[in-house]
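**Student:** coords please:
(one chain, ligands or ions: 2)
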Amino acid sequence: MKLYDSLQRELRDFHPRDPARVAVYGCGPTVYDYAHIGNFRTFIVYDLLHRHLKRRGHEVAFVVNFTDVDDKTIDGAAEAGLSLHEHTAPYVEAFLNDAETLGVAPFSAHPRATAFVPEMVAFIERLVANGHAYVAPEGSVYYSVPSFADYGRLAGPRAAGVESRSRIDAKDSGKRDPRDFALWKAARPADRRVGAVWDSPWGEGRPGWHLECSVMGTALLGDTIDVHLGGEDLLFPHHENEIAQSEGATGRPFVRFWLHVKHLKVEDRKMSKSLGNFHTVRELLDEGREPAAVRWVLLSAHYRNELNFTLSGLDEAAAAVQRLLDFRRRVADLPAAGPGLGLAVRARERLADFGRAMDEDLNTPKAVAALWNLVRETNTALDRAPGEASSTDRESVLEALAEIDQVLGVLELASASREVGHDAEERIRRMVEDRNRARAARDFATADRLRDELAAAGVRLDDTPTGTRWSRVRAP
Ligand code: AMP
Ligand code: ZN
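**Tutor:** Residues are numbered from 1 along each chain as shown. Ligands and ions are numbered 1, 2, ... in the order given. Here you go, the predicted structure:
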């Protein structure tokens with residue numbers, strides 16, 4: 001498997017450091033609001049990596065944190081007149097629900113920053129002791145950027161550019177260098193009002209955002225992490241600072257592969273509340289959109305390429321998901337008593353294509369193309385000689401489909417969200433069989449009644465030489 005590492009800026013072979021366990025960390029949501037579909041583009045990429053590694057036989061320790069203390073969560077709590085915890089808890093819950101709704105498989109751990117404050121304090125003490133950090137007069141602790149020779153390796157020129165911008169606010173904060181950043185922030189009255197203060201050797205305060213990820217990552221996964229992910233906006237300064245802190249404290253390489261997901265655009269624009277293109281998962285569902293279609297859109301582009309979310313794209317995605325469900329049903333319903341069409345070899349080849357595409361830095365467009373090839377080739381063979389399909393043909397196509405969906409997770413989601421639809425489907429299947437039996441017994445009155453009932457339920461029947469095919473002409 002190859003992954004593109006944003007630090008070395010190259011596609012490289014990926015092998016976990018410990019073959020028995022791949023250690024992965026993804027920056028998680030800041031829980032001051034509902035996550036939007038842009039966030040979920042990133043989280044679905046996490047999920048695809050997670051599922052693909054598991055399908056490849058790896059044990060994966062995949063940590064996705066909750067940023068439940070930072071400026072935004074504190075301001076949000078103050079505005080709502082709640083404590084920090086009261087304000088963030090519902091958004092933690094909402095995130096987990098939305099992730100499940102979109103078929104994101106459970107990650108190994110979801111640490112909350114506020115549960116790791118003692119570890120954060122100990123981490124800062126190490127950095128102060130070894131000269132990478134210093135205590136400012138007002139009780140904040142800063143990371144000393146000049147103390148870390150490698151600073152800027154990830155972001156390159158962008159890291160140098162920040163100097164002039166931050167010169168202004170450096171004046172009154174007690175920083176020795178304008179690039180220095182806070183590891184510990186001395187408590188302000190606003191922090192105290194919402195209960196965002198903890199004890200430390202430097203007085204009451206709270207951890208800095210960058211530090212939170214360094215500490216949760218190394219505490220749960222060890223000093224060196226195989227893969228660290230985040231949206232592209234986090235590359236600088238967040239991830240640059242994570243490297244400086246972690247390597248400053250441990251003296252070991254922090255991350256082997258850095259993956260950054262390109263930001264989602266919506267209707268060709270940057271997402272923003274004022275543009276009204278700021279969709280949350282729950283809003284889309286309230287508008288009658290299907291989770292499987294949302295997931296399909298979000299995984300359809302390669303994670304380093306542009307993806308533009310549009311409502312018409314969502315309609316197309318819903319149609320694509322329907323085609324896949326119809327295809328699976330067509331195959332599942334095959335009588336499969338024939339001599340065989342040789343579909344097993346094809347199915348295995350397409351499954352291998354799929355896996356190879358995912359091995360190429362999670363190339364989902366190519367992986368999805370392999371899936372459509374499977375659909376097209378199978379359909380072509382079945383159109384020509386449906387009666388010749390054998391049970392091996394049927395089972396191997398269904399298995400390939402199921403394996404592909406272990407990673408894409410779209411069919412399982414569509415089936416689950418159509419649980420009701422599934423029951424209805426069973427009922428339709430039984431009615432079609434009853435009708436066939438009635439016809440065979442020349443009981444045309446019953447056969448016609450069943451056909452009318454099915455038509456009323458939006459189901460059209462096609463009697464073909466090889467049996468009756470049914471399709472939905474409209475929603476039940
Ligand atoms: P936040 O809740 O702002 O901390 O963001 C959570 C994750 O979503 C981070 O990895 C961000 O980089 C990512 N993210 C934020 N906005 C977008 C977007 N428009 N498209 C893709 N990922 C995003
Ligand atoms: Zn982070």
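**Student:** from here on, contacts and neighbour counts on C-alpha atoms
**Tutor:** Will do.
**Student:** Check for me that A292 belongs to a helix.
**Tutor:** Yes - going by DSSP: H, G, I helix; E, B strand; the rest coil, the assignment for A292 places it inside a helix.
**Student:** ok, how many other residues are close to it?
**Tutor:** Here the number of neighbours of A292 (other Cα atoms under 10 Å) works out to 27.
**Student:** Show me what from the stretch 151-300 of the chain comes close to ligand 2.
**Tutor:** C213 (Cα under 5 Å from the ion).
**Student:** Quick check: closest non-adjacent residue to the residue in the chain that ligand 1 sits nearest to.
**Tutor:** Closest residue of the chain to ligand 1, Cα to the nearest ligand atom: G231 (2.9 Å). Leaving aside its chain neighbours, G231 sits nearest to V261 (4.6 Å; criterion: Cα to Cα, 6 or more residues apart in numbering).
**Student:** I'd say the one you found and Y303 touch.
**Tutor:** Yes - in this structure, V261 is within contact of Y303 by Cα atoms under 8 Å, at 5.2 Å.
**Student:** what do these two both touch?
**Tutor:** When contacts are counted by Cα atoms under 8 Å, 6 or more residues apart in numbering, V261 and Y303 are jointly contacted by V45.
**Student:** Close to ligand 1: what parts of this protein are there?
**Tutor:** 27-30, 38-39, 41-42, 230-234, 262-264, 271 (Cα under 6 Å from any ligand atom).
**Student:** Now do the strands in the stretch 1-150 of the chain.
**Tutor:** Remark: strands assigned in the stretch 1-150 of the chain by DSSP state E, counting those that start in this stretch are 2-5, 10-13, 22-26, 60-64, 133-135, 141-143.
**Student:** Tell me which of those is the most buried.
**Tutor:** strand 141-143 (a mean of 28; mean count of other Cα atoms under 10 Å).
**Student:** pLDDT on it, on average?
**Tutor:** Strand 141-143 carries an average pLDDT of 98.
**Student:** Looking at the strands of the stretch 1-150 of the chain, which is nearest to ligand 2?
**Tutor:** strand 22-26 (7.0 Å; Cα to the ion).
**Student:** correct me, but the residue of the chain closest to ligand 1 touches T42?
**Tutor:** Yes - between G231 and T42 there is a contact at 6.0 Å, judged by Cα under 8 Å.
**Student:** more crowded one of these two?
**Tutor:** T42 (26 against 23).
**Student:** ok, now which ones touch the more buried one?
**Tutor:** Contacts for T42 were tallied using Cα under 8 Å, 6+ apart; they are G230, G231, V261.
**Student:** quick one, what contacts the second one?
**Tutor:** Under the criterion of Cα under 8 Å, 6+ apart, the contact partners of G231 comprise N39, T42, H260, V261, K262, H263.
**Student:** And for the first one?
**Tutor:** When contacts are counted by Cα under 8 Å, 6+ apart, G230 is found next to G26, C27, G28, T42, L259, H260, V261.
**Student:** Quick check: phi and psi at it.
**Tutor:** With angles defined as degrees, to the nearest 10, G230 sits at phi -180, psi 170.
**Student:** Out of the strands of the stretch 1-150 of the chain, which is closest to L307?
**Tutor:** strand 2-5 (18.1 Å; Cα to Cα).
**Student:** What is the closest one packed up against?
**Tutor:** Helices and strands touching strand 2-5, by 3 or more Cα pairs under 8 Å, 6 or more residues apart in numbering; DSSP states H and E, are strand 10-13, strand 255-261.
**Student:** tell me the mean pLDDT for the shortest one?
**Tutor:** Pointing back at strand 10-13 there. 98.
**Student:** strands paired with it, and their directions?
**Tutor:** Take DSSP bridges as the rule and strand 10-13 pairs in its sheet with strand 2-5 (antiparallel).
**Student:** mind saving the C-alpha coords of the strand it pairs with as PDB?
**Tutor:** This file holds the C-alpha atoms of strand 2-5, laid out as PDB (Å, rounded to 0.1, in the frame of the first residue of the first chain):
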ATOM      1  CA  LYS A   2       1.200   3.500  -0.800                       C
ATOM      2  CA  LEU A   3       0.300   6.700   1.000                       C
ATOM      3  CA  TYR A   4       1.100  10.300   0.200                       C
ATOM      4  CA  ASP A   5       3.000  11.800   3.000                       C
END
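**Student:** Now do it, average pLDDT.
**Tutor:** 98.
**Student:** Narrow the residues of the chain next to ligand 1 to those that are buried.
**Tutor:** 27-30, 38-39, 41-42, 230-232, 262-264, 271 (16 or more other Cα atoms under 10 Å).
**Student:** Now E242, what are its backbone angles?
**Tutor:** phi -60, psi -40.
**Student:** Can you tell me, leaving aside adjacent residues, what's nearest to it?
**Tutor:** S214 (5.4 Å).
**Student:** give the contact list for that neighbour.
**Tutor:** S214 sits in contact with E242, I243, Q245, S246, where contact means Cα under 8 Å, 6+ apart.
**Student:** Would you mind measuring from it to L220?
**Tutor:** Note on S214: its distance to L220, by Cα to Cα, to the nearest Å, is 10 Å.
**Student:** low pLDDT regions in the stretch 51-200 of the chain?
**Tutor:** Scanning the stretch 51-200 of the chain for pLDDT under 70 picks out the ranges 161-172.
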